[in-house]
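In: predicted model and sequence follow; I will ask about them next.
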Amino acid sequence: MFLNNSFGRTVDILHRALDVSQLRRSVIANNVANADTPHFKRSIVNFESELKRAFQSQRKPAFEARMTDERHMPFHQPIDYRTVGPRRVLDYLSTTDANGNNVDIEQESVHMLKNQLNAQLLMHVVSNQFSQINMVVAR
């Protein structure tokens, strides 16, 4: 019912972002728990960049390509943002300790704090969205 308007779409995106925040908290906690495990590779959660790519794909291209045969591959394929999900990725690029582990407790603490602040901001925005609806309904 609400997904066809901007309110529903905004609340849906905020809901997905809060779910990703919960997953990210779990991944960071797992990283911290395995900080002393030999050869453990930390994980990160990738979501925002994929969501951005989906939103950018929904824009109209600068020029329209004409397909002369139905077997041709289309040039522009928009991605529905609802199909984008969080992806857990192992971090092989960061430097490792002598035991092969690449978890830095200080870095994970900063990521945890940033994630917590982001979740609080998202919850505030969701609350604000519904308070705006309440103001409209109350009148």
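Out: In hand now; what should we look at? Numbers count the residues shown, from 1 in each chain.
In: ok, Asn118 touching Ser21?
Out: Yes. Contact criterion CB atoms under 8 Å: Asn118 and Ser21 qualify, at 6.1 Å. Where C-beta positions appear, they are placed from N, C-alpha and C, glycine not excepted.
In: comparing those two, which shows the higher neighbour count?
Out: Ser21 (21 against 16; other CB atoms under 10 Å).
In: ok, the more buried one - contacts?
Out: Asn115, Asn118, Ala119, Leu122 (CB atoms under 8 Å, 6 or more residues apart in numbering).
In: one more: Ala119?
Out: Residues in contact with Ala119, defined by CB under 8 Å, 6+ apart, are Leu18, Ser21, Gln22, Arg25.
In: just name the closest of those to Asn31, please.
Out: Distances from Asn31 to these, taken as CB to CB, are shortest for Arg25 (10.8 Å).
In: distance of the nearest residue to that closest one once chain neighbours are set aside relative to Ser26?
Out: Nearest non-adjacent residue to Arg25, counting by CB to CB, 6 or more residues apart in numbering: Asn115, 5.8 Å away. Asn115 is 10 Å from Ser26, where distance means CB to CB, to the nearest Å.
In: OK, contacts around the most centrally placed residue in the chain?
Out: Note on the chain: the residue nearest the mean C-alpha position is Phe47, at 2.7 Å, using CA atoms, centre = their mean. Going by CB under 8 Å, 6+ apart, Phe47 touches Arg16, Ala17, Val20, Val84, Gly85, Pro86, Arg87.
In: top of those by neighbour count?
Out: In those, the most neighbours by other CB under 10 Å go to Val20, 22 neighbours.
In: check which helix or strand covers that residue.
Out: helix 6-33 (DSSP states H and E).
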